[in-house]
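Enquirer: I need the structure of the sequence given here:
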Amino acid sequence: MNKLNTLSIMSRTFRMSRLTALCLSTFLFGAVAHAQALPDAIAKSKTIKVAVNAIYPPMEYKEPDSGELVGFDIDLGNAIAKQLGVKLDWQESAFEQLLPSLTTGRVDMVLSGVSDVPGRRDAADFLDYLNSGAQFYVLASASGNAIHQAVDLCGKPVGTSRSTSFPSDTAAWSAKNCAGKTPISVVGTEDTSAARMQLKQGRIVAGVQGSETLPYAMKLEPNTYKPVGEPFATSPEGIAFAKSNTQLRDAVHAALDKLVADGTYSRIVAKWGLQSSAMRQVTMNGAPSN
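Expert: Numbering: from 1, shown residues only. As a prediction, the model looks like this:
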């Protein structure tokens, strides 16, 4: 082998060594950056405290036989945790206490089918992961046959969970669409199941429920309910974070983006039959974040 060839081989070997070192450095930096993406307390404890109100199937609820916490949000949360290398400490709460639990520091985030509406953004940031809309529905039996379209509900009692944005959404819809007629009488109920019970008891004429959850109720009770019109007051559902906790918010955002990219999000959506509510990309506070 001549001197020129020897120098050429040595040069190529040196370049390959530098490339290997650079790749290794990039890998190690990425690993460190990933570890630093979480707030120090969470990186140390390897636990994220999550508030949930487990009465909203198929988003989150208790499996009747085992009492296990199940649902779309539970599966999505666990997938996020796996991406971040942590575990979730699910803390059950009344719906009206979900967002206050962030400001008091009792939990790190809220994952519980919470609609991302402007009035809530003063208290929290939202990573939007599913589309939702308020949906009128009536009984599928003869008692519901007089309601053919949403305007037929003007002047009639309509029930919906008082702890959600649905009462104000329904009142706003009524003010706009029942002009010149008697407005809808909005009846606040304990939750969506209570609204369905009052409907079957004849105490209300219709109910309002999230468009992503009504199909599940219709599946559990076949031929019992039917939607009226299209969803109104549409809004995304979001994972909520304290305004001050941008580090955790951004780490979860990155994890969600990976779940969308690798198909995990789509598989969870399909498992719970929520394809019509799926989002193509994660947004923040109702708008694209990049």
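Enquirer: isn't Ala278 up against Ile268?
Expert: No - if you go by C-beta atoms under 8 Å, Ala278 and Ile268 don't touch, sitting 9.5 Å apart. Placement of C-beta: from N, CA and C, glycine included.
Enquirer: between the two, who's got more neighbours?
Expert: More neighbours surround Ile268 than the other of Ala278 and Ile268, with 19 against 16 (other C-beta atoms under 10 Å).
Enquirer: list the contacts for that one?
Expert: By C-beta atoms under 8 Å, 6 or more residues apart in numbering, Ile268 lies in contact with Phe72, Asp75, Leu76, Ala79.
Enquirer: and for Val117?
Expert: When contacts are counted by C-beta under 8 Å, 6+ apart, Val117 touches Ser165, Ser235.
Enquirer: change it to 10 Å
Expert: Remark: with contacts taken as C-beta atoms under 10 Å, 6 or more residues apart in numbering, Val117 is in contact with Phe126, Thr164, Ser165, Ser168, Asp169, Ala233, Ser235, Pro236, Gly238, Gly286.
Enquirer: what about the strands in this protein?
Expert: 47-52, 55-56, 60-62, 69-70, 87-92, 109-110, 124-139, 157-161, 185-189, 206-210, 225-242, 278-284 (DSSP state E).
Enquirer: domain ranges for the chain?
Expert: 40-132+235-284, 133-234 (automatic domain parsing).
Enquirer: now these as CSV including mean pLDDT?
Expert: As requested, these are arranged in CSV below (pLDDT from 0 to 100):
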stretch, mean pLDDT
domain 40-132+235-284, 96
domain 133-234, 94
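Enquirer: need the contact list for Leu88.
Expert: With C-beta under 10 Å, 6+ apart, Leu88 has these contacts: 47-50, 52, 74, 77-78, 80-82, 108-109, 111.
Enquirer: show me which of those are buried.
Expert: Buried residues within those, defined by neighbour count using 16 or more other C-beta atoms under 10 Å: Ile48, Lys49, Val50, Val52, Ile74, Gly77, Ile80, Ala81, Asp108, Met109, Leu111.
Enquirer: and those, which two are furthest apart?
Expert: Ile74 and Asp108 (16.2 Å; C-beta to C-beta).
Enquirer: mind listing what's buried along stretch 189-206?
Expert: Along stretch 189-206, these residues count as buried under the neighbour rule (16+ other C-beta under 10 Å): 189, 191-199, 204-206.
Enquirer: make that stretch 205-224, sorry
Expert: Judged by neighbour count (16+ other C-beta under 10 Å), stretch 205-224 contains these buried residues: 205-218, 224.
Enquirer: same question, stretch 221-236
Expert: For stretch 221-236, burial by neighbour count (16+ other C-beta under 10 Å) applies to Thr224, Tyr225, Lys226, Pro227, Val228, Gly229, Pro231, Phe232, Ala233, Ser235, Pro236.
Enquirer: want to try JSON lines for those, with distance to Pro64 as columns?
Expert: Output for these, formatted as JSON lines (distance: C-beta to C-beta, whole Å):
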{"residue": "Thr224", "distance to Pro64": "18"}
{"residue": "Tyr225", "distance to Pro64": "20"}
{"residue": "Lys226", "distance to Pro64": "25"}
{"residue": "Pro227", "distance to Pro64": "26"}
{"residue": "Val228", "distance to Pro64": "29"}
{"residue": "Gly229", "distance to Pro64": "32"}
{"residue": "Pro231", "distance to Pro64": "28"}
{"residue": "Phe232", "distance to Pro64": "32"}
{"residue": "Ala233", "distance to Pro64": "31"}
{"residue": "Ser235", "distance to Pro64": "30"}
{"residue": "Pro236", "distance to Pro64": "29"}
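Enquirer: please list all residues in contact with the spatially closest residue to Ser277 that is not a sequence neighbour.
Expert: Closest residue in space to Ser277, ignoring its immediate chain neighbours: Glu212 at 4.2 Å, by C-beta to C-beta, 6 or more residues apart in numbering. Neighbouring residues of Glu212 by C-beta under 10 Å, 6+ apart: 56, 58-59, 72, 113, 130-133, 135, 231, 237, 272-274, 276-278.
Enquirer: for Glu212, grab phi and psi.
Expert: phi -80, psi -20 (degrees, to the nearest 10).
Enquirer: Arg203 too?
Expert: phi -80, psi -20.
Enquirer: surely it meets Pro157?
Expert: Yes - with contact defined as C-beta atoms under 10 Å, Arg203 reaches Pro157; the gap is 7.4 Å.
Enquirer: which neighbours do these two share?
Expert: By C-beta under 10 Å, 6+ apart, the residues touching both Arg203 and Pro157 are Val187.
Enquirer: mind listing the helices for the protein?
Expert: Along the chain, counting by DSSP state H, helices occupy 3-36, 40-45, 72-84, 98-103, 166-177, 192-200, 214-220, 246-261, 264-271.
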